[in-house]
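[1] I would like to see how this sequence folds:
(2 chains)
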Amino acid sequence: MARRVCILIALALLVAPTFAQAQQQPLPVDEIAPGVFAHIGKTSLMTRENDGAIANIGFIIGESAVAIIDTGGSVREGRQLLAAVRARTDRPIRYVINTHGHPDHVFGNAAFVQDGTSFVGHRNLPSALVTRGSFYIDAFRRIMGGPLIDEVRMVPPTILVDGTTTLDLGKRNLTLRAWPVAHTDSDLTVLDEQTRTLFAGDLVFLSHTPVLDGSLRGWLRVIGELAALPAQRVVPGHGPVSEWPVALADQRRYLQTLATDVRALVTSGKSITAAPETAAGAERSRWQLFDDFNARNATAAFSEIEWE
Amino acid sequence: MSGYRFRLFCLAGLLSVMLGAALAPAAAADANDTWPGLVQDIFNNREMNDGADVIAIEMPYRAEDAAVVPVTLRTKLPAGDSRRVLRITLVIDQNPAPMAAKFELGPDANVSEISTRVRVNNYTDVHAVAELSDGKLYMAKTYVKASGGCSAPAAKNADEARSRLGQMRYRQFARPGQGPASGAREAQIMIGHPSNSGLQMNQVTQLYVPAFFVEQLRLWQDDSLVLAMEGGISISEDPNVRFTYVSNGAKRFRAEARDTGGNTFRNEWKIDDSSM
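    Modelled structure (predicted):
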């Protein structure tokens, strides 16, 4: 009997993903400009219930090919994004661009692995995936469970961007730019020249509390340069599609407040433990998920600013 | 799929869920129960005495940033106790390298508080074990929840960590209510240094990223040891130690750090009594 149960369980595990694939619904996307599609993620932490679908991801269709911009927080979300592409075009997916290495942006990569598709990222992205990938998979297996996470693979980019690169989708050029350390040390933006739509990745947050995982001072410097990009609208990493560059204002104010408050703590000789409780407190009512991320931002900012 | 087979699959699926639910808590309990093995490996199975009156350990309830989790160790021996704290070992049970640090307290420095920053990979007990001059071990512990989101126990800015390799900063702090005459001091030492575990494999090249971290830090006032730390990969990048001590009247503070790459970094500073 025990053996029969084991066999049945094994069969059930084998069949479960097939079931899921057969019923794959296309991810809801909006055509925010001609040929430019975006899915607006739920402002939430990644959970078992939301399939990790919390980041803004999307795709751009050219005359000969398609580019994916970030793949979502699970392979399931990645497959749903793929279904959304296939509901609109049969053109090949030539590029999968990752704006950085965080799990809500890269965990869907495995859904797009096939001949003819190149993965594209910042020159630092391969090492970010090496140093963090297995930790992320273990951590999110605890949070989201094996069925969603066991199929996640870290797929490193084979086209590395250092400075700027242009990708041609057929009468449609995308300008990719790799940035110095800011939100992370592997931030990449994608500008669709035709519609002047900027996919900013997590260099831009709206509504969702900005998350600091690179350099606070670096991010503030990068915001100054980002503002000069010739875009009309932005798809931020999190939050609604917005006008450019006014979309930067809230985040700039938050990061400046954080820097000012943390600098005052460091100067007055306070311990790092004082930072989470007080820094950027004035911003609390202006952001979602503030208590999930501000304490962490303050801790990271303190350990950076004390080296000034 | 026939109706019968479909029912069979559903039943099997249900069974697997039930079995999973039944097995999971037991497995979790086993996985968390690593302390007895650590007592054997790190402390040679010596007896652990209740440290409630000897040592306190303070950490935030949740590791906000997995790469930078503050920890404070405080000795609690009352004035007049004839025993002295010789060393304090910090153990993060569920980290890949649980023995995070071993602090040796200088014989004449009367160090009573040590704060540093560690990496926390998982939900974990964290133990502080004090060895006293009576030859016994005293243990205190706390529990830390793992960080959420995209926080990882890894470098945020690897280029910068490399660029300030070996830089040292020393800082003194005023102790409220304690004038210079008391001799009580609070100071901090920072060392710019990456903390690569050596455990991370590059999936493309199949090569491990080489280990590179500070393994020993020693601090003196003139030639008298204040504090020494043996560290490992659980100590945060750019090691940072803040501590209290009692001045012996020395005018110089010295630091020496040694890393796994065979480098030794030395620096010294004039002790400034004017700011006390």
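[2] next up, phi/psi of the most centrally placed residue in chain A, please.
    Among the residues of chain A, the one closest to the centroid is residue A:105, at 3.5 Å (Cα atoms, centre = their mean). Backbone dihedrals for residue A:105, given as degrees, to the nearest 10, come out at phi -110, psi -20.
[3] for the nearest residue to residue B:236 once chain neighbours are set aside, pull up the helix or strand it's in.
    Closest residue in space to residue B:236, ignoring its immediate chain neighbours: residue B:117 at 4.1 Å, by Cβ to Cβ, 6 or more residues apart in numbering or on different chains. (Each C-beta comes from the backbone N, C-alpha and C, glycine too.) Using DSSP states H and E, residue B:117 sits in strand B:113-118.
[4] run a quick neighbour tally on residue 253.
    I'll assume chain A. 14 (other Cβ atoms under 10 Å in any protein chain shown).
[5] not quite, I wanted chain B
    Count around residue B:253 with other Cβ under 10 Å applied: 23.
[6] tell me which helix or strand it sits in.
    strand B:252-259.
[7] direction included, what does that strand pair up with?
    With DSSP bridges as the test, strand B:252-259 is paired with strand B:214-221 (antiparallel), strand B:264-270 (antiparallel).
[8] pick the most deeply packed of those.
    Compared across the strands paired with strand B:252-259, strand B:214-221 shows the largest average neighbour count, a mean of 21 (mean count of other Cβ atoms under 10 Å in any protein chain shown).
[9] next, the angle from that strand to strand B:113-118.
    160 degrees (axes from the mean of the first three to the mean of the last three Cα atoms, to 10 degrees).
[10] and strand B:214-221, average pLDDT?
    Mean per-residue pLDDT for strand B:214-221: 97.
[11] how far off centre is that strand?
    15 Å (Cα atoms, centre = their mean, to the nearest Å).
[12] residues in contact with that strand?
    B:106, B:109, B:189, B:191, B:193, B:195, B:225-232, B:235, B:239, B:241, B:245, B:247-248, B:250, B:252-260, B:271 (Cβ atoms under 8 Å, 6 or more residues apart in numbering or on different chains).
[13] so which bits of stretch B:112-123 are buried?
    Neighbour-count burial for stretch B:112-123, counted by 16 or more other Cβ atoms under 10 Å in any protein chain shown, picks out B:112, B:114-123.
[14] I meant stretch B:34-46, not that one.
    Quick answer for stretch B:34-46 (16+ other Cβ under 10 Å): B:34-35, B:38-39, B:42-43.
[15] and these as a markdown table, adding pLDDT, secondary structure and distance to residue A:25?
    Output for these, formatted as a markdown table (pLDDT from 0 to 100; DSSP: H, G, I helix; E, B strand; the rest coil; distance: Cβ to Cβ, whole Å):
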| residue | pLDDT | secondary structure | distance to residue A:25 |
| --- | --- | --- | --- |
| B:34 | 94 | coil | 43 |
| B:35 | 97 | helix | 47 |
| B:38 | 97 | helix | 48 |
| B:39 | 97 | helix | 52 |
| B:42 | 96 | helix | 52 |
| B:43 | 97 | helix | 55 |
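[16] can you pull out the strands in the stretch 1-150 of chain B?
    With DSSP state E, counting those that start in this stretch as the criterion, the stretch 1-150 of chain B has strands at B:48-50, B:55-58, B:69-75, B:85-92, B:99-105, B:113-118, B:124-132, B:137-144.
[17] returning to that earlier point: and the strand holding residue B:253, how far out from the chain middle?
    Worked out by Cα atoms, centre = their mean, strand B:252-259 lies 19 Å from the chain centre.
[18] got it, and stretch A:29-45?
    For stretch A:29-45, the distance to the chain centre is 13 Å (Cα atoms, centre = their mean).
[19] what do you get for stretch B:247-258?
    22 Å.
[20] other residues contacting it?
    B:108-109, B:166, B:168, B:170, B:183-185, B:187, B:189, B:191, B:193, B:214-222, B:224, B:226, B:239, B:264-271.
[21] out of the helices and strands in the chain, which is least certain?
    Because you didn't say which chain, this covers chain A. helix A:2-22 (a mean of 46; mean pLDDT, DSSP states H and E).
[22] next structured bit after it?
    strand A:30-33.
[23] check which residues of that following strand are buried.
    A:32-33.
[24] quick one: residues in contact with that strand.
    Outside strand A:30-33, the residues touching it (Cβ under 8 Å, 6+ apart) are A:37-40, A:192, A:195, A:197, A:233, A:235, A:241.
[25] near chain B, from those?
    Among those, proximity to chain B is found for none (Cβ under 8 Å from any Cβ of the partner chain).
[26] of those residues, which is the most crowded?
    residue A:235 (31 neighbours).
[27] run through who's touching the host helix or strand of it.
    For residue A:235, the host element (DSSP H and E) is strand A:233-238. The contact list for strand A:233-238 (Cβ under 8 Å, 6+ apart) reads A:32-33, A:38, A:41, A:43, A:54-56, A:58, A:69, A:99, A:105, A:183, A:196-208, A:241-245, A:247.
[28] low pLDDT regions in the stretch 151-276 of chain B?
    The stretch 151-276 of chain B contains residues with pLDDT under 70 at B:176-181, B:201-206, B:273-276.
[29] redo that, cut-off 90
    The model of the stretch 151-276 of chain B has pLDDT under 90 over residues B:151, B:153-155, B:157-163, B:174-184, B:195-211, B:232, B:271-276.
[30] near chain A, which residues of the stretch 101-250 of chain B?
    The stretch 101-250 of chain B has residues B:115, B:117, B:121-122, B:146-160, B:164, B:169, B:171, B:173-174, B:190, B:192, B:200-204, B:209, B:236, B:238, B:240, B:242 near chain A, with proximity defined as Cβ under 8 Å from any Cβ.
[31] including mean pLDDT, could the strands of the stretch 1-150 of chain B go into TSV?
    Formatted as TSV, the strands of the stretch 1-150 of chain B follow (pLDDT from 0 to 100):
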stretch	mean pLDDT
strand B:48-50	98
strand B:55-58	98
strand B:69-75	98
strand B:85-92	98
strand B:99-105	97
strand B:113-118	98
strand B:124-132	98
strand B:137-144	98
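[32] right, and those strands - which one's nearest residue A:277?
    Each of the strands of the stretch 1-150 of chain B was scored for nearness to residue A:277 using Cβ to Cβ, and the closest is strand B:69-75 (12.0 Å).
[33] tell me the strands beside the closest one, with direction?
    Counting by DSSP bridges, strand B:69-75 is paired with strand B:55-58 (antiparallel), strand B:113-118 (antiparallel).
[34] contact partners for residue B:88?
    B:55, B:73, B:75, B:102-103, B:105, B:114, B:128-131.
[35] show me what it bridges to in the sheet.
    Beta-bridge partners of residue B:88, as defined by DSSP bridges: residue B:103, residue B:130.
[36] three-state assignment of residue A:251?
    helix (DSSP: H, G, I helix; E, B strand; the rest coil).
[37] residue A:210 is in contact with that one, correct?
    Yes: assessed by Cβ atoms under 8 Å, residue A:251 is found in contact with residue A:210 at 5.2 Å.
[38] how about the helices in chain A?
    A:2-22, A:75-86, A:103-106, A:125-144, A:146-149, A:216-226, A:249-267, A:275-278, A:290-305 (DSSP state H).
[39] with respect to burial, which of those scores highest?
    helix A:103-106 (a mean of 29).
[40] hmm, that helix in reach of chain B?
    Yes: on the criterion Cβ under 8 Å from any Cβ, helix A:103-106 is in touch with chain B at A:103-104.
[41] and that helix, average pLDDT?
    Here the average pLDDT along helix A:103-106 is 98.
[42] what residues are up against the closest residue to residue A:85 other than its chain neighbours?
    What sits nearest to residue A:85 in space, not counting adjacent residues and going by Cβ to Cβ, 6+ apart, is residue A:59, at 5.5 Å. When contacts are counted by Cβ under 8 Å, 6+ apart, residue A:59 touches A:29, A:37, A:66-69, A:81, A:84-85, A:93.
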